[in-house]
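>>> I'll drop the sequence and a predicted model, then ask my questions.
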Amino acid sequence: MLLSDLSRAVDTLCDASAVTIAGYRHRIAFVQRYAGDVELQAIDFAAVRDHARQDGKSPCTIENSIKQAVQMMRRAGVEAETGKPLRVPPPDPDVIPVSRLDRTMPHMPPWLRAHCALGYVTGLRRTDLTQLDPVSIGESLTVQASKTGKVHRFPIPAWCRRVLGNVRFPRDSHTYYRAFRAACQAAGVPYFSSQDLRRLAANTWESVQPGLGPLVLGHALPGWSAATPFYLRPHDALFRRIDDFPPLPSLLTDEERDRRKAIRVQLDRVIETIPPHKIATLLQVAQGLAG
């Protein structure tokens, strides 16, 4: 079997979503680019690594491509010796500040503004967001992730619903890249993507309450077993804390903005009157409530 034959046979070897199957084919094509369309048993993985490194590819991309190609080879009944892997540095999850997202919102077309607002609140992948009909979204949203098959439930705040409107989300990834690039350039901020939105959403929820970050990414709350969701609904925690989720200032009405400012001023004034020893007590209480 040639590498090109393996690529065509992926859907018969892998019972997965169309997105996952496309990902496997992309990885196999990567290996084929640097190994040639050879028989599976004849792949020289050391040469693949050398040629890909000379082409400027990162060790992470190279090793992930080899790993997934080998997974499909084994499913096809072919064992392979991949040799010594390249050293892959640990990931550095750079989280964009909310202010960068907010500054770009006025420069986005309506469909991208709606996409970013939903992505910020839900942390959904771009491929899942593109399947949504924004007009039908109300105070809550239930989505089955295309990659994992898991069902997610999210609260949708009023400031997010206001920008949804009657828009259609494009399916082509290049359209998103060009739109993000243009909006970032117009706002004078570094480029970011849908993946950065997903990371920002998870970190923002985690700052609201520990454990909610992994939850929006599809994991269970800390301490939950695989059986717990049969008895309790983990996503209810998102609904209980949605009022604490920081909105995007550019999407607030003047009345909402003034109200938030007034509450903040009132809190600052109260804090100024609390003696230091009582502040320490309040911090201990807050830490206990946060778990």
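Looks like it arrived, so ask away.
>>> C-alpha from now on. contacts and neighbour counts both.
Noted.
>>> Between its first and last residues, how far does stretch 183-196 reach?
End-to-end distance of stretch 183-196 (C-alpha to C-alpha, to the nearest Å): 15 Å.
>>> Just the buried residues of that stretch, please?
By 16 or more other C-alpha atoms under 10 Å, the buried positions in stretch 183-196 come out as 183-184, 187, 192, 194, 196.
>>> Next: stretch 133-152.
Across stretch 133-152, burial judged by 16+ other C-alpha under 10 Å covers 134, 143, 145-146, 152.
>>> Likewise for stretch 248-262?
For stretch 248-262, the neighbour count (16+ other C-alpha under 10 Å) marks 248, 250-252 as buried.
>>> residue ranges of the strands in this protein, please?
Residue ranges of the strands in the chain, as given by DSSP state E, are 140-144, 151-155.
>>> neighbouring contacts of the first one?
With contacts defined as C-alpha atoms under 8 Å, 6 or more residues apart in numbering, strand 140-144 is touched by 128, 150-156.
>>> Next, give me the two most distant ones among those residues.
Greatest spatial distance in these: K150 and I156, 18.9 Å, computed using C-alpha to C-alpha.
>>> Show me where the stretch 151-291 of the chain dips below the pLDDT cut-off.
Scanning the stretch 151-291 of the chain for pLDDT under 70 picks out the ranges 221-222, 260, 262-268, 270-271, 285-291.
>>> Which pLDDT value does the model give the residue nearest to V19 when sequence neighbours are not counted?
For V19, ignoring the flanking residues on the chain, the nearest one in space by C-alpha to C-alpha, 6 or more residues apart in numbering is K147 at 6.6 Å. The predicted local distance difference test score for K147 is 79.
>>> wait, K147 sits on D15?
No. Counting by C-alpha atoms under 8 Å, K147 sits too far from D15 to count as a contact (11.5 Å).
>>> Domain-wise, how is the chain divided?
Using automatic domain parsing, the domains assigned to the chain come out as 3-75, 98-223+231-251, 253-291.
>>> Of all those, which one is nearest E81?
In this view, the domains of the chain are compared for proximity to E81 by C-alpha to C-alpha, and domain 3-75 is the closest at 8.1 Å.
>>> what does the average pLDDT come to for the closest one?
If you average the pLDDT over domain 3-75, you get 91.
>>> Please renumber the chain so that the first residue is 49 from this point on.
Got it, the first residue is 49 from now on, which makes the last one we talked about domain 51-123.
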